[in-house]
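# Following is a predicted model, sequence given first.
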Amino acid sequence: MLQADVEAFLCSLQTGFSDNTILAYQNDLNQFVKFIRSKLGDSSSLQWSQVNRDLLMNYIVNLKERHYSATTVARKIAAVRSFSPI
């Protein structure tokens, strides 16, 4: 379900956004989905409603531990926020 939601969101960006922007969103959102699956289990029934502030904070910590720059972390979080109101 998560991946299908991401794909639907990316399709909705087809009008009005450049290919590079869509690819960046795709990369950032897929990375977040992978992180969610690592924390909550790799189930096809996972929903965006399961994403909470603690999970998002853990994701930010994970990105920083992986030495992403502050700008990159901000972009990845902006992609998640644009997709889901958390």
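Structure's in. What do you need?

# pull the helix or strand with minimum mean pLDDT from this protein.
Least confident helix or strand, the chain: helix 2-12 with a mean of 88, by mean pLDDT, DSSP states H and E.

# By neighbour count, which bits of the longest helix along the chain are buried? Give me those.
Taking DSSP state H as the assignment, the helix of the chain that covers the most residues is helix 19-40. Neighbour-count burial for helix 19-40, with 16 or more other C-beta atoms under 10 Å as criterion, is recorded at 25, 26, 28, 29, 31, 32, 33, 35, 36. Backbone N, C-alpha and C define where each C-beta goes, glycine included.

# Closest one of these to residue 74?
Distance to residue 74, by C-beta to C-beta, is smallest for residue 28 among those, at 10.9 Å.

# Which helix or strand contains the residue nearest to the closest one when sequence neighbours are not counted?
Of all residues not flanking residue 28 in the chain, residue 79 sits nearest, at 3.8 Å (C-beta to C-beta, 6 or more residues apart in numbering). Element membership for residue 79 (DSSP states H and E) is helix 70-83.

# what are the C-alpha coordinates of that helix, in PDB please?
Extracted in PDB, the C-alpha atoms of helix 70-83 (Å, rounded to 0.1, in the frame of the first residue of the first chain):
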ATOM      1  CA  ALA A  70      21.800  19.400   6.400                       C
ATOM      2  CA  THR A  71      20.500  20.600   3.000                       C
ATOM      3  CA  THR A  72      19.900  17.000   1.800                       C
ATOM      4  CA  VAL A  73      18.100  16.100   5.000                       C
ATOM      5  CA  ALA A  74      15.900  19.100   4.700                       C
ATOM      6  CA  ARG A  75      15.100  18.200   1.100                       C
ATOM      7  CA  LYS A  76      14.200  14.600   2.000                       C
ATOM      8  CA  ILE A  77      11.900  15.700   4.800                       C
ATOM      9  CA  ALA A  78      10.300  18.300   2.600                       C
ATOM     10  CA  ALA A  79       9.500  15.500   0.100                       C
ATOM     11  CA  VAL A  80       7.900  13.400   2.900                       C
ATOM     12  CA  ARG A  81       5.900  16.400   4.100                       C
ATOM     13  CA  SER A  82       4.700  17.200   0.600                       C
ATOM     14  CA  PHE A  83       3.400  13.700   0.300                       C
END
